[in-house]
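*Asks:* quick one, fold the following:
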Amino acid sequence: MTNTWRTPRGAAPERRATIADIAAAAEVSKPTVSRVLNQRGDVAPATRRKVEQVAAELGYVPSAGARALRTGRHGALGLLLPSEPWGGLVDVVYGVSEEAAARSMHVMVFPLPAGRAAERQFTAKTLPHLPVDGIVALMPEDVVPHQGTVPLSGAPVVAFDDRGVRPGIPYVETTNREGVREAVGHLVAHGYRRIAFASGTSDLAFAEARYEGYLDGLRDAGLPHVPQRVLRGQAEMPSEEEIRVLLSTGGPDGRPDAVVAAWDEIATAVGHVAHELGLRLGRDLALIGFDDRPEVALMLKGLTTVHQPLREMGQTAVRLLLEIIEHGPGPGNATVPTRLVVRDTCGPHAADGTPLPPER
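*Replies:* Now for the predicted structure:
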């Protein structure tokens, strides 16, 4: 038999505790309770502790609507996500959520609908009416107008630089160009000279920045730019055949002895094709990726890669957004640095951890 629980007929429904309830139980005035709940400093410490204890015991939950009317703030941030998920998105969500919680803010997540027409309709019809104080946005370039705020609501926007910089909108980025430059420098320092670069479409701003970092690294070492050693596909992932051509030819002085991939998924594909060609990673071919996604270890063990700090970038985006909410637009953007994580695909290591020169 299934029991159906319901409020007995005639019984008063359970109601939410109010400021008046807290004031009566704590034996203080309602204005005192209000000052405590709104974090004002003009309350004696002992009184503040008593009011906070009573509020907790009564299970007091402030009314979001009332607070918004009173303060002009919702106590919530929006997180605008792309319609298509990508590797590392969970790290961004956790970073945003952790930093918001540390600042006593809630996060409301809004995935964009699929399709450009639906995205624009969301921007015009829904975005201006979201009950949030600001938005961290991972979005296509033209979804939010380039004024740095949402039309009508005026909520400030901070862009998470997964696709490119938006003029007029503060953004958080990582050192895409410098990260690849460091990777190339690491390869050069350990004897590699025929270094190739594999990427997807140049329409992605971060992919373009990583390609520039590759060119920087070659210039730093005085190495020539050999077009046959550059693969920049038309899609986000180059085909296996394109990778096979890259690894098999690559220049007048022979095939590449190292490859820097614009992101880890491409590095994984390069590793698989190298295996088919009988090339040993770390011996016949060095390989470096970009992102440092944990799941990549399941597909390609020991990948040397540039760690992109997505979680820290999410946290930084919230700090930048709250700074704008509190004090207005400042000097602008924030950059969280990458770091090179050296593993097996760059070759064997000595007992002290120093990479050994490649076999010749």
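*Asks:* just the CA trace of stretch 293-300, in CSV.
*Replies:* This file holds the C-alpha atoms of stretch 293-300, laid out as CSV (Å, rounded to 0.1, in the frame of the first residue of the first chain):
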residue,chain,number,x,y,z
ARG,A,293,42.4,17.4,-20.2
PRO,A,294,42.3,14.4,-17.8
GLU,A,295,40.2,12.2,-20.1
VAL,A,296,43.0,12.4,-22.8
ALA,A,297,45.1,10.1,-20.6
LEU,A,298,42.6,7.3,-21.4
MET,A,299,43.3,7.7,-25.1
LEU,A,300,47.0,8.6,-25.2
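*Asks:* need the mean per-residue confidence for that stretch.
*Replies:* Mean pLDDT, stretch 293-300: 84.
*Asks:* check which residues of it are buried.
*Replies:* For stretch 293-300, burial by neighbour count (16 or more other CB atoms under 10 Å) applies to 293, 296, 300. (Each C-beta comes from the backbone N, C-alpha and C, glycine too.)
*Asks:* separation between the last one and residue 90?
*Replies:* According to CB to CB, to the nearest Å, residue 300 and residue 90 sit 20 Å apart.
*Asks:* coming back round to it: dump the buried residues of stretch 293-300 to TSV, plus distance to residue 238.
*Replies:* Formatted as TSV, the buried residues of stretch 293-300 follow (distance: CB to CB, whole Å):
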residue	distance to residue 238
293	18
296	17
300	16
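*Asks:* what ranges does the protein have for its strands?
*Replies:* With strands called from DSSP state E, the chain shows them at 76-81, 106-111, 134-137, 157-160, 171-174, 195-199, 230-232, 258-261, 286-291, 304-307, 334-336, 339-341.
*Asks:* how about the helices in this structure?
*Replies:* Secondary structure of the chain (DSSP state H): helices located at 19-26, 30-37, 45-58, 64-71, 89-102, 116-121, 176-189, 205-221, 240-248, 264-276, 310-327.
*Asks:* may I see those helices organised as CSV, with distance to residue 288, mean neighbour count and mean pLDDT added?
*Replies:* Shown next, in CSV, are these (distance: least, CB to CB, whole Å; neighbours: other CB atoms under 10 Å; pLDDT from 0 to 100):
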stretch, distance to residue 288, mean neighbour count, mean pLDDT
helix 19-26, 59, 18, 87
helix 30-37, 53, 18, 83
helix 45-58, 52, 15, 86
helix 64-71, 48, 12, 48
helix 89-102, 20, 18, 91
helix 116-121, 35, 13, 78
helix 176-189, 5, 22, 95
helix 205-221, 10, 19, 94
helix 240-248, 15, 17, 93
helix 264-276, 7, 21, 95
helix 310-327, 18, 20, 91
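*Asks:* quick one, which of these gets closest to residue 341.
*Replies:* Nearest of those to residue 341, taken as CB to CB: helix 176-189 at 10.2 Å.
*Asks:* report the angle between the axes of that closest one and strand 195-199?
*Replies:* Interaxial angle, helix 176-189 versus strand 195-199 (axes from the mean of the first three to the mean of the last three CA atoms, to 10 degrees): 150 degrees.
*Asks:* now for helix 176-189, which elements pack on it?
*Replies:* Counting contacts by 3 or more CB pairs under 8 Å, 6 or more residues apart in numbering; DSSP states H and E, helix 176-189 packs against strand 195-199, helix 205-221, strand 258-261, strand 286-291, strand 304-307, strand 339-341.
*Asks:* want to try a markdown table for these, with distance to residue 243 as columns?
*Replies:* Below are those laid out as a markdown table (distance: least, CB to CB, whole Å):
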| stretch | distance to residue 243 |
| --- | --- |
| strand 195-199 | 7 |
| helix 205-221 | 16 |
| strand 258-261 | 9 |
| strand 286-291 | 11 |
| strand 304-307 | 17 |
| strand 339-341 | 23 |
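*Asks:* which of the ones you listed sits closest to residue 188?
*Replies:* Once the helices and strands packed on helix 176-189 are compared by CB to CB, helix 205-221 is nearest, at 4.3 Å.
*Asks:* residues in contact with the closest one?
*Replies:* With CB atoms under 8 Å, 6 or more residues apart in numbering as the test, helix 205-221 has contacts from 161-165, 176-185, 187-188, 195, 197, 199-202, 224-225, 230, 232, 260, 262-263, 290.
*Asks:* that one vs strand 195-199, what angle?
*Replies:* Using the same axes, to 10 degrees: helix 205-221 against strand 195-199 is 170 degrees.
*Asks:* quick one: distance of helix 205-221 to the chain centre.
*Replies:* On the basis of CA atoms, centre = their mean, to the nearest Å, helix 205-221 is displaced by 22 Å from the centre of the chain it belongs to.
*Asks:* what of stretch 173-190?
*Replies:* Distance of stretch 173-190 from the chain centroid (CA atoms, centre = their mean) equals 20 Å.
*Asks:* no more questions from me, cheers.
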